[in-house]
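1. A structural model of the following input is requested.
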Amino acid sequence: MNRLFFYLVGMLNYADQGEGEVLVFLHGFCSDMRIWEDFIVPFTEEYRVICLDLPGCGSSPVMTPSLVEWATACWETLRIIGVHKCHLIGHSMGGYVALAMMDAAPEKVVSFISFHSSPLTDNEERKSNRFKQISFIDKYGPKMLVSQIVPALFHSDFEEDKIMPAVSIAEEQSGRGLQAALEAMAKRADRRNLLFSTKMPILFVSGAYDAILPIEEQTEFAASCQNAQIVILENSGHMAMLEEKIKAQEHIERFLANQR
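-> Residues are numbered from 1 along each chain as shown. The predicted model follows:
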């Protein structure tokens, strides 16, 4: 992927390819924009595709652990590079950021693809676990944490060697960046009302073996929206961009085509 690096105040690191309507891809926790490298290839033929390194991830600077502030940084980066309207595709934590972006500027969002993500806030147990993980990083370092987290995101039958690219990306993340992300996720708002009240087109991409997001819950979210559909990938856990890349691409391509 041709990657352009900028280190100006208020800007995040990004990659920008193709021409046309804008698709913005936001990665999940323990990752950065490289997770999308192969996945976005067919989309660059018809769209302008932008992938962002979220704050503290990849080559973007660490910021205050607030998804609201992260959303502001995303919009500011997009404004500087001439993007004023886009389709948002957010994987897991990236979906949380996308919802914060929608909350801040709904007029700028054409459609939203919730890629293994949720509008819910953390329950008390999950919040507690995130702060335990922050302490774990202080004690043992980030690599030990991500070595436990990342493999568990995949369907147990997925080939181990195909998990390694995600593990490698995760191991390159900084401890401070991971800690900021954990705190930001723990503090995030419940955005069900935002999601359920909007009339914009929404696609939920879910995995039948996702250990984090139950299918029943995802189906209820889709049914509660005014203009949503759900796709359940039968051989995926939480990482369909790697586990069932082609099927996920096809579903997203059809969804986007219907918005034209």
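
2. Tell me where the stretch 151-260 of the chain is predicted with low confidence.
-> Within the stretch 151-260 of the chain, not a single segment meets pLDDT under 70.

3. residue boundaries of the helices in it?
-> Along the stretch 151-260 of the chain, counting by DSSP state H, counting those that start in this stretch, helices occupy 160-171, 175-186, 192-197, 215-224, 240-243, 245-257.

4. elements contacting the last one?
-> If I follow you right, that is helix 245-257. strand 109-115, strand 202-207, strand 228-233, helix 240-243 (3 or more Cβ pairs under 8 Å, 6 or more residues apart in numbering; DSSP states H and E). The C-beta positions use only the backbone N, C-alpha and C, and glycine is treated the same way.

5. what's the answer for the second one, then?
-> Using 3+ Cβ pairs under 8 Å, 6+ apart as the contact criterion, the elements in contact with helix 175-186 are helix 67-80, helix 93-104, helix 124-140, helix 142-149.

6. Show residues contacting the third one.
-> Right, the one you point to is helix 124-140. Here helix 124-140 makes contact (Cβ atoms under 8 Å, 6 or more residues apart in numbering) with Asp122, Met144, Leu145, Gly175, Leu178, Gln179, Leu182, Glu183, Met185, Ala186.

7. Recalculate using a threshold of 10 Å.
-> Here helix 124-140 makes contact (Cβ atoms under 10 Å, 6 or more residues apart in numbering) with 29, 65, 120-123, 142-146, 148-149, 174-176, 178-188, 212.

8. picking that back up, identify whichever of the helices and strands packed on helix 245-257 lies nearest to Val41.
-> Relative to Val41, the nearest member of the helices and strands packed on helix 245-257 by Cβ to Cβ is helix 240-243, separated by 11.6 Å.

9. Give the other helices and strands that the closest one contacts.
-> Judged by 3 or more Cβ pairs under 10 Å, 6 or more residues apart in numbering; DSSP states H and E, helix 240-243 is in contact with strand 86-91, helix 160-171, strand 202-207, strand 228-233, helix 245-257.

10. and if we set it to 7 Å?
-> Here helix 240-243 touches no other helix or strand, going by 3 or more Cβ pairs under 7 Å, 6 or more residues apart in numbering; DSSP states H and E.

11. Quick check: chain neighbours aside, which residue is closest to His238?
-> Leu153 (4.2 Å; Cβ to Cβ, 6 or more residues apart in numbering).

12. check contacts around the one you found.
-> Gly237, His238, Met239 (Cβ atoms under 7 Å, 6 or more residues apart in numbering).

13. how close does it get to Met239?
-> Leu153 is 5 Å from Met239, where distance means Cβ to Cβ, to the nearest Å.

14. Check Ala166 too.
-> Separation of Ala166 from Met239 (Cβ to Cβ): 7 Å.

15. Looking at these two, which has the bigger crowd around it?
-> The residue with more neighbours, out of Ala166 and Met239, is Met239; 27 against 22, by other Cβ atoms under 10 Å.

16. can I assume the more buried one is in contact with Phe154?
-> Yes - using Cβ atoms under 7 Å, Met239 is in contact with Phe154, at 5.5 Å.
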